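Peer 1: pasting the sequence and the predicted coordinates here, then a few questions.
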Amino acid sequence: MSVLGNRVVRREDPRFLRGEGTYVENNVVPDALHLTFVRSVFAHAKVSVDASAARDLPGVHVFTGADVDLPPFGPPPFPGLNQEMSRLPVARDVVRFVGDVVAIVLADSRAASVDAAELVFVDYDPLPAVVAPADALKDEVLLFPAAGTNVAARAGSPEHDENLFDGCDVVVKGRLVSQRMAPSPLEPRSAIVQRGEDGGLTAWLTTQTPHGDAGLISGMLGLDPAQVRVISPDVGGGFGAKMASIEELLVAWVATKVDRPVRWTESRSENMVALHHGRGLEIDFTLGGTSEGQILAYRVEFLQDTGAYPGLSAFLPNLTALMASGVYAIPRIEAEGASVVTNTTPLTAFRGAGRPEASQAIERAVDAFAAEAGLDPVEVRRRNLIASDVFPYTTASHATYDSGDYEAALDLVLGAVDVAELRVEQARRRAERSPTQLGIGVSTYVEITNGVDEAEFGEVEITEEGGAILRSGSMSTGQGHETTFAQIVSASLGIPIDSIEFVKGDTALVPRGTGTYGSKSTQIGGTAARLAAEGVAERAKELAADFLEVSPDDVVFDAAGGRFQVVGAPQRSLAWSELAAQAKDAGTLAELRVAEEFQSVPTFPFGAHLAVVEVDVETGKVELQRFVAVDDAGTIVNPLVLEGQIHGGVATGVSQALFEVFRYDADGTPLTTTFAAYAFPSAADLPAWETVESETPTPVNPLGAKGVGESGTIGATPAVHNAVLDALAPYGVTHVDLPANGENVWRALEEAKQ
Amino acid sequence: MMQVSIVVNGERREAEVEPRQLLVYFLREQLGLTGTNVGCDTSSCGACTALLDGESVKSCTLLAVQADGREVTTIEGLANDGELHPVQQAFQDAHALQCGYCTPGFVMASVSLLAENPRPTEDEIRQALEGNLCRCTGYHNIVKAVRIAAETA
């Protein structure tokens, strides 16, 4: 029996459960200097720094912008991204957000470096701050005067068809803000960098992308790539935000300036302003169709907040535009957007990264359209879903979906809930003007994983005991690769999972890799592992034929049992352990090592979510009563791990719908910089999740796998948002800002009374 | 500096600590017990949860000197002769952890909960674990693990 598709409990778990996780901060490094960053407390200001008092302390080193000889950082070389908007790793004259680095302090202990940092005097001469993206668009205050504008990039097409909504009897317009969130991995970032005698660096980093980080560090420091080894051990969650950062770069740079190892761990308060944020997209939509519910045209405009320094977020509206059509066959689509800089923490990819925004827009638009047309939102969806027999399907927003069965997902989610009974209960409460109104919301979604046709590395080697080593360019930050990737290799080789060592996150042990983001690990990294395993089995068959003294054509490999057998003579066979021992004796064991690279076009996971909420119309409080998720990510390697990914994704999507928002005041001062102030939900805030399995393999990789890390997030927010608005419909409320927390719901109810 | 004598995971530890030293940094940096993690600086996340005389505490909110003369149990002290504690085992069986960073805190908080209330309802579990935050699991499987542990204990 294949181990693929089984609920294998994770073999990495005992390490974590015993308190033996290998997080960077746990490393004991003798004689290390502790680094503290002095960060701007103003959103926009001219600065001058007097570090003399700190420098006078014994054992203290200080580096200010004037001391740092690194080139400007970014922006990434995306086409159309304004290249005048780069960041000095340590600000020299101007700071552009609360959190911008103005000095680096080193001392013998964490406490001593924090104490010394207090003695670095920064003189701030405040400049007007631009906080709202709409204000940035006015170009009245420029963050980068040399750029001449605050617009970092544009997405989509600026062409307008004046006749876009011809033939539409029903046209709805709406606006929503996919609000800024703090990614909030539980593990704050750490970096430890040690310089070797040869001038090379070893860097322990909390990153999703060890090879990318090594490339950044070697490039910026002018080192040969081979001179930078990045080790990314257990990482306590990433969610898109833990990638090559200015802080890691500076820790590495400092390690070349002092003769001791350097270590840094951020506090949570530092993490909340320094780790890049997610979302921050304003959306205006117009959806038109017939009064019978046929959708004909969709126009969507985006304004992306990139924060002070544009990075990945400036690119994300392209993904949002690409996915504008959602699961619907919409004949005419226009999608257009701009990304602008503001005096706030930079934004980046965060769980979903561009696709939740697309889903939030179209799913709200469809519900608004249904309400305007007086139709059932489920029926409007059904009428417009892309049919299951037309794949591959290219949308009017230029995405080519690989496979899907959207109506089946919708049927599955509706099959799990007695909606008719809920509607009866809802009608009763509406008739009674009950203070706790019931709302039912549905979303049907599709998303894109491995969005930019990336490749991944995988190598399988047979050990002399007949076990295997898998080296992967994918990186686990909690996703469970150590188990799922071993399952994939085990399925191809018949070697038990426990005899397969998983090696990742070390650039000295794995030659190449792209790391983990965009839900691409299994589909490309898992496939590379599988191809490498198959390559090893192929070579092993030839060696087995030699040892068994038959032609390779007369040997069959039993992948389930891990055994090479002579055709017609089952007693003549070799197990992996026997084959490896003989290969070792023959000096051919090294041939049982095969590396593969697998590149692929994107895949398009999909699903349907249903939320049932109770809204207290006197206080605005929303309680999520039920949440059912159907998430189809193609072939399932491990249902246990898959459900875990869905649960976590759904929790984040629900949290965006109901709880989380990272807030600034008008001067650009962040207001939610601790877990006491930021509405990170606990177990008491969330219900049990109900999941329904669905499995539609993709044809684009031999595993049939799509990504699942983000899909829960993408479907959940609009389902809950729609449920809240469904509950409030009798009160004339047609819009609630996200998050639909007590305050925002109460405000929407009050506005509707005006 | 102040002298403290604390029984940690059954072993008496005598040490000199700064008066401002938090218990969690005493455990991590002076005793090398790095299983207890630090996830925030406002006593919100519970990653640092340990047991003080058998009851859960956030070890970031306690000075090391406050533990003087008392017993502390950390995640490293939970397994018995190498065998996982029933709560640890239930966390693995129910897939109640992903990145693992919040896990020691959740396990310790759950042990404390079950000592107080051996048969908690789902709602009681959710309320009792309100002081611990997890970004990966959405809590569903953590709650399930505590139920399993309660049933098997």
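Peer 2: Done, it's in. On a predicted model such as this, the values are computed, not experimentally measured, just so you know. Numbers count the residues shown, from 1 in each chain, chains lettered A, B, ... in the order given.

Peer 1: quickly list the domain ranges of chain B.
Peer 2: Listed by automatic domain parsing, the domain ranges of chain B are B:2-77, B:86-152.

Peer 1: correct me, but residue A:191 touches residue A:246?
Peer 2: No - when contacts are counted by CB atoms under 8 Å, residue A:191 is not listed as touching residue A:246 (11.0 Å). The C-beta positions use only the backbone N, C-alpha and C, and glycine is treated the same way.

Peer 1: settle it for me: which of these two has more neighbours?
Peer 2: Comparing residue A:191 with residue A:246 by other CB atoms under 10 Å in any protein chain shown, the one with more neighbours is residue A:191, at 27 against 23.

Peer 1: quick check: closest non-adjacent residue to that one.
Peer 2: For residue A:191, ignoring the flanking residues on the chain, the nearest one in space by CB to CB, 6 or more residues apart in numbering or on different chains is residue A:251 at 4.2 Å.

Peer 1: from the chain's centre, how far out does the host helix or strand of that neighbour sit?
Peer 2: Element membership of residue A:251, judged by DSSP states H and E, is helix A:246-255. Relative to its chain's centre, helix A:246-255 lies at 24 Å (CA atoms, centre = their mean, to the nearest Å).

Peer 1: got the contact list for the residue nearest to residue A:191?
Peer 2: Shown in contact with residue A:251 (CB atoms under 8 Å, 6 or more residues apart in numbering or on different chains): A:35, A:191, A:192, A:193, A:203, A:262, A:263, A:264.

Peer 1: try 6 Å
Peer 2: A:191, A:193, A:262, A:264 (CB atoms under 6 Å, 6 or more residues apart in numbering or on different chains).

Peer 1: how about residue A:597?
Peer 2: A:455, A:457.

Peer 1: part of a strand, is it?
Peer 2: Yes - counting by DSSP: H, G, I helix; E, B strand; the rest coil, residue A:597 is found in a strand.

Peer 1: what about it, distance to residue A:501?
Peer 2: Between residue A:597 and residue A:501 the distance is 21 Å, computed by CB to CB, to the nearest Å.

Peer 1: same thing with residue A:639?
Peer 2: With CB to CB as the criterion, residue A:639 and residue A:501 are 24 Å apart.

Peer 1: right, and the helix or strand after the longest helix anywhere in chain A?
Peer 2: Ordering each helix of chain A by length in residues (DSSP state H) puts helix A:527-548 first. Once helix A:527-548 ends, the next helix or strand along the chain (criterion: DSSP H and E) is strand A:555-558.

Peer 1: same for that next one, what does it pack against?
Peer 2: helix A:527-548, strand A:563-566 (3 or more CB pairs under 6 Å, 6 or more residues apart in numbering or on different chains; DSSP states H and E).

Peer 1: could I get that strand in PDB with only the CA atoms?
Peer 2: Provided in PDB are the C-alpha atoms of strand A:555-558 (Å, rounded to 0.1, in the frame of the first residue of the first chain):
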ATOM      1  CA  VAL A 555      14.500  -7.100 -13.100                       C
ATOM      2  CA  VAL A 556      11.300  -5.500 -11.800                       C
ATOM      3  CA  PHE A 557      11.300  -3.000  -9.000                       C
ATOM      4  CA  ASP A 558       8.500  -3.600  -6.400                       C
END
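
Peer 1: let me see the mean pLDDT of that strand.
Peer 2: Averaged over strand A:555-558, pLDDT sits at 96.

Peer 1: list the buried ones in that strand?
Peer 2: A:555, A:556, A:557 (16 or more other CB atoms under 10 Å in any protein chain shown).

Peer 1: kindly report the same for stretch A:594-602.
Peer 2: So, applying 16+ other CB under 10 Å, buried residues of stretch A:594-602: A:594, A:595, A:596, A:598, A:600, A:602.

Peer 1: closest approach to chain B from the stretch 1-150 of chain A, which residue is it?
Peer 2: With CB to the nearest CB as the measure, residue A:19 is the residue of the stretch 1-150 of chain A nearest to chain B, at 1.8 Å.

Peer 1: excluding its backbone neighbours, what's nearest that residue?
Peer 2: residue B:35 (1.8 Å).

Peer 1: that neighbour against residue B:75, yeah?
Peer 2: Yes - using CB atoms under 6 Å, residue B:35 is in contact with residue B:75, at 4.0 Å.

Peer 1: need the pLDDT of residue A:2.
Peer 2: 68.

Peer 1: and what of residue A:535?
Peer 2: For residue A:535, the predicted pLDDT is 98.

Peer 1: one more: residue A:158?
Peer 2: For residue A:158, pLDDT reads 80.

Peer 1: pull the contacting residues for it.
Peer 2: residue A:336.

Peer 1: for residue A:516, see how far away residue A:478 is.
Peer 2: For residue A:478 relative to residue A:516 (CB to CB), the value is 10 Å.

Peer 1: how about the residue in the stretch 551-700 of chain A that chain B sits nearest to, nearest residue that isn't a chain neighbour?
Peer 2: Proximity of the stretch 551-700 of chain A to chain B (CB to the nearest CB) peaks at residue A:651, 3.1 Å away. Once flanking residues are discounted, residue A:651 sits nearest to residue B:138: 3.1 Å by CB to CB, 6+ apart.

Peer 1: ok so that neighbour is a strand residue?
Peer 2: No - counting by three-state DSSP, residue B:138 is not found in a strand; it is coil.

Peer 1: tell me the contacts of it?
Peer 2: Residue B:138 neighbours (CB under 6 Å, 6+ apart): A:647, A:648, A:650, A:651.

Peer 1: those into TSV, with extra columns for secondary structure?
Peer 2: Shown next, in TSV, are these (three-state DSSP):
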residue	secondary structure
A:647	helix
A:648	helix
A:650	helix
A:651	helix
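
Peer 1: residue of chain B with the smallest distance to chain A?
Peer 2: residue B:35 (1.8 Å).

Peer 1: can you tell me the helix or strand for that residue?
Peer 2: Using DSSP H and E, residue B:35 falls outside every helix and strand.
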